[in-house]
Structures are given as C-alpha cells and as structure tokens.
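A.B. asks: Output the structure for:
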Amino acid sequence: MVREVAWQWQILILLQITSLSFQLNHEFVPVNEEMFSDCTDNPGFESVDKLADLSAFGRKRAPNGGINIGGNITMKWNVQPSDRIGVEVGIYKLEKGVWKPTVLKGGDRDFCKSFYDKNTLYYPYSTEHVINKEDVKDKCINIPGTVLVVEPFLERILISYAAPLTPGRHKALITFTAFDKANAKRPDAICLEIIGDVVKA
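C.D. replies: As a prediction, the model looks like this:
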C-alpha cells in the first residue's frame, strides 16, 4: 500500500513538471546580430574563424525580434575527415559581473552522427534550413571545403524547460573537439559563445 501511494505521488509530480515545462516559455535573444563570438574565459581554444568561413553567411537583426539568417557556410577546420567530433554546451548566467554555470548543459560525443538528425534539439534552429543536405549528408564540420547552403529564415530561439529560467543575460558556451582514430584529443579544439538575454516569450 505504501509503495502504491509513493508511485502515485511520483506520477503526480511528473505530471506537474510536464505541465510546468509548457508554461515556462522563454526566448533567448542574442545581443550581437553576428551571433557568434570568441570565448573570453576559455584560453587555449581556437576561435570560430578556424572552424568555418562565415563571410557569405548573412546575419541581420529583424525589426520584430530574432535574426534573419541565410547564405553559405564553408568549413575550414584543419582536422581529419575520419576524426570523431565531440561537442559540449553549457549555459551560463551573468550575475554581478561574473558568469556562473546553470544546471543546463549537455553534449554529444559523436556530433557528426547526429548532425542531420531531425530528432535533435538544435535541428529546427540550424540543420533543418540547410537546403543541400542531400549533397553533403556524408560530410560534416570536420571536412574542409564542405559548403552548407542555408536558406533564408528568421532565427528565434524559444526555450521551454521544466527547470525555471530567470530573465537576464546568459551565454551558451559551445566547444568542438576532434579525436583521432586512437581516441586521442587533437590540440586545435574550437570554442564559441552566443551571448544573449533570456526574456519571457
């Protein structure tokens, strides 16, 4: 009887959290219309310019919010096509001038396997809009010269989490690391930041 009651409480709590996740909707609004910037607190990492040529990739703030995006991204990271690419993402909040980590973090130890996967969290904000997917589906960010053709679209990053987010300045810190066939880490890991404000949607 006690075990049955405990399970009922767990189900109720789960339902409340699920409901909460649909109520707490926020938008992440980048402060820089270029979106990407170099990591300021991660010495030893290469900049986003080492990862890709973004000179033909347009980014312009829209009058009604979000950023209009479109154009070509040409990969230029000097690693091997056979390398495994790991990615880590952490969300930080600016509090009294100091970036503090939040509970929101994640990663993918084999990013290239899921790069075009429609079930990933980032797909609607990125890979979905690559219109030459069929031509580059066997390529990834570790193959220099690969060109991703991105259709024009309005980037608005909407967030819905069970854990409440407090409005304010945040940043997503993203690192890409290449590993060779012996699983040894290559030295030229990439780090980039997207700084923005979390506001209620």
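
A.B. asks: Surely Val31 is in contact with Val198?
C.D. replies: No. Applying C-beta atoms under 8 Å, one finds Val31 not in contact with Val198, separated by 11.3 Å. C-beta coordinates here come from the backbone N, C-alpha and C atoms, glycine included.

A.B. asks: Compare the two and say which one has the larger neighbour count.
C.D. replies: Val198 (19 against 13; other C-beta atoms under 10 Å).

A.B. asks: Now do the SS call for the more buried one.
C.D. replies: Under the three-state scheme (DSSP: H, G, I helix; E, B strand; the rest coil), Val198 adopts strand.

A.B. asks: which ones are touching it?
C.D. replies: Applying C-beta atoms under 8 Å, 6 or more residues apart in numbering, we find Val198 in contact with His26, Glu27, Phe28, Val29, Ile159, Leu165, Thr166, Pro167, Gly168, His170.

A.B. asks: Which pLDDT value belongs to Thr177?
C.D. replies: Looking at Thr177, its pLDDT stands at 96.

A.B. asks: Please, where are all the strands along the protein?
C.D. replies: With strands called from DSSP state E, the chain shows them at 25-30, 36-38, 52-53, 57-61, 67-75, 84-95, 98-108, 147-155, 157-160, 168-179, 190-200.
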